[in-house]
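Chemist: generate coordinates for the sequence data below:
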Amino acid sequence: MSSQERSEPNGIWHVEQNGINPVAGSGRHGSPRDVFWVWFAGNLSFTYIVIGAVVWSYGLSLAQSLLAIATGLASFAAIGYLGIPGKATGLPTMAYSARYFGPRGNRLLAFVAWLNMLGWETVVLIIASYAVATIFHLVLGVRSTAGWLVVSLALTAMAELSLAFLGHATIEYLQKWVSYIFGFLTLVILLALLPHVAWHAIWFHARGPWLKGVVPSITVVVAVSALSWVTTASDYTRYLPASVRNGRVASAAAWGSIIPTALLMLVGLLLAESAPSLADAANPVEFLLHWLPGWAQVPYLIITLVGILAGGVLCAYSSGLSLLAAGVKIRRSRTIGIDALISIAASAYILLISQGFLGNFEGFLDLIAALLAPWAAIALWNVRSVRPISASRTVAAWLIGAALAVATTSTPVFSGPLAQGIFSGSSLGYFAGFLATFALYGGLLLLHSS
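Modeler: Numbering: from 1, shown residues only. The predicted structure follows:
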């Protein structure tokens, strides 16, 4: 069964038995520090270096680029805020969402959330498989043949999915140690990249346009960071004691996400002038490998692998909770089997048959994000308590915002009819959908209270 009547024990190295049921007071433990480390490790991904380079590619000055990154990463405050209901109710995010979308409406939203997490889980497997194959090449001297790619995929899938299978307590414990050990080692590798920085060119770079440069770059930062995690926030706060202050819960998740992400984006920003193709690198892990001294290459690949998988484990775990909220009636642990079949098959197809398909796949995930932004607008209104508006009106507000977001979003697989001008080269469509839904839902609240 997918959700038990009572809260089950949740021990390290034991399979978590709780599904989307509320975690009872007797099952609560931990502190906001634990939430901090979960999000710190989950965002310790070298792929954020590419986003820093993308910001620089808009032709901005150093000050403008730093402003864009800082403003974009401030959106992680929403992740912290959206984690408060988990602590208050013991419910994961997409289960709590049913309180204002209604059971039927929420199933659709939970399915969208599941697709998003499953998609990023698959992207993680692909990047991690390339990293393992490269380690095999450097250490064993073997080429990245189809056979070695299959071995690499099997190893990464086993690591990612088995930890998600065990569940919350094991994930929380390991994320802390990943943060301690690999957070420090990541800093060492980043310092090894700094000699390649063209400091003079970056420092004196001319200012770029604000409307067509700074604003779109902010939207890109938000889209690849906080927006991709919005449906998971309470999944990692639901075991906290209800007595923990809301402000501590929110700040722990926000700063745990911001610190590693900001550091990695900053390095990408600084390297972008010396490596203009970094922003478009199909395999950024391999691209950066050649910039490192020989002694740092294998450690870099291991650190990259662990950091990417730390985020992938969160994707796989939250994916299972979203699938339960979508109405699938199985145990939480068994949802990992469904994810495994789909994500491993998709990863194998991209790795072995059509590597160019990865761009279209990520474009599909970009399109899903257009559906998540309006959901986030409504979720933010309902953090403290569920607003007294019918589920049908809530779903209608989401549909209007989602339609606008899709119409103004441009991806490799689909471009909306309004994705012209400034909307064509940015993620502003997400903001359009978010703001329209936020205002519309707020208007419905005013009408209801008057």
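
Chemist: now find how far off-centre stretch 385-392 is within its chain.
Modeler: Relative to the centre of its chain, stretch 385-392 is centred 27 Å away, using CA atoms, centre = their mean, to the nearest Å.

Chemist: from one end of that stretch to the other, what's the distance?
Modeler: Across stretch 385-392, the terminal residues are separated by 18 Å (CA to CA, to the nearest Å).

Chemist: buried residues in it?
Modeler: Across stretch 385-392, burial judged by 16 or more other CB atoms under 10 Å covers 387, 389, 391. Placement of C-beta: from N, CA and C, glycine included.

Chemist: likewise for stretch 62-78?
Modeler: Of the residues in stretch 62-78, 62, 64-69, 71-73, 75-78 count as buried by neighbour count, 16+ other CB under 10 Å.

Chemist: roughly how far out does that stretch sit from the chain middle?
Modeler: Counting by CA atoms, centre = their mean, stretch 62-78 comes out at 17 Å from the chain centroid.

Chemist: need the contact partners of it.
Modeler: The contact list for stretch 62-78 (CB atoms under 8 Å, 6 or more residues apart in numbering) reads 52, 55-56, 58, 60, 202-203, 205, 207-208, 210, 213-214, 217-222, 225-227, 230, 250, 253-254, 257-258, 261-262, 265-266, 269, 376, 380.

Chemist: domains of the protein?
Modeler: 25-355, 357-450 (automatic domain parsing).

Chemist: most packed of these?
Modeler: Mean neighbour counts were taken over the domains of the chain using mean count of other CB atoms under 10 Å, and the top value, a mean of 20, falls to domain 25-355.

Chemist: which ones are touching Leu166?
Modeler: Here Leu166 is in contact with 13-16 (criterion: CB under 8 Å, 6+ apart).

Chemist: could you export the domains of the chain as CSV, including mean pLDDT?
Modeler: Listed next are these as CSV, based on pLDDT from 0 to 100:
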stretch, mean pLDDT
domain 25-355, 93
domain 357-450, 89
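
Chemist: the nearest residue to His137 once chain neighbours are set aside and Leu138, how far apart?
Modeler: Distances taken as CB to CB, 6 or more residues apart in numbering put Ser144 closest to His137, at 6.1 Å, once the chain neighbours are dropped. In this view, Ser144 and Leu138 are 11 Å apart by CB to CB, to the nearest Å.

Chemist: hmm, back to that, helix/strand/coil for the residue nearest to His137?
Modeler: coil (DSSP: H, G, I helix; E, B strand; the rest coil).

Chemist: gap between whichever strand or helix holds Leu371 and the chain center?
Modeler: Assignment of secondary structure by DSSP states H and E places Leu371 within helix 357-381. Averaging C-alpha positions (CA atoms, centre = their mean) puts helix 357-381 11 Å from its chain's average.

Chemist: tell me what it is packed against?
Modeler: helix 76-82, helix 103-140, helix 332-352, helix 391-407, helix 428-449 (3 or more CB pairs under 8 Å, 6 or more residues apart in numbering; DSSP states H and E).

Chemist: same thing but 6 Å
Modeler: Packed against helix 357-381, as judged by 3 or more CB pairs under 6 Å, 6 or more residues apart in numbering; DSSP states H and E, are the following elements: helix 103-140, helix 391-407, helix 428-449.

Chemist: can you give me the strands for the stretch 151-300 of the chain?
Modeler: Secondary structure of the stretch 151-300 of the chain by DSSP state E, counting those that start in this stretch: no strands are present.

Chemist: how near is the residue lying closest to Val221 once chain neighbours are set aside to Gly80?
Modeler: Leaving aside its sequence neighbours, Val221 sits nearest to Gly72 (CB to CB, 6+ apart; 2.6 Å). Distance, Gly72 to Gly80, using CB to CB: 15 Å.

Chemist: again with Val406
Modeler: Val406 is 28 Å from Gly80, where distance means CB to CB.

Chemist: before we move on, what about Ala169?
Modeler: Taking CB to CB as the measure, Ala169 falls 22 Å from Gly80.
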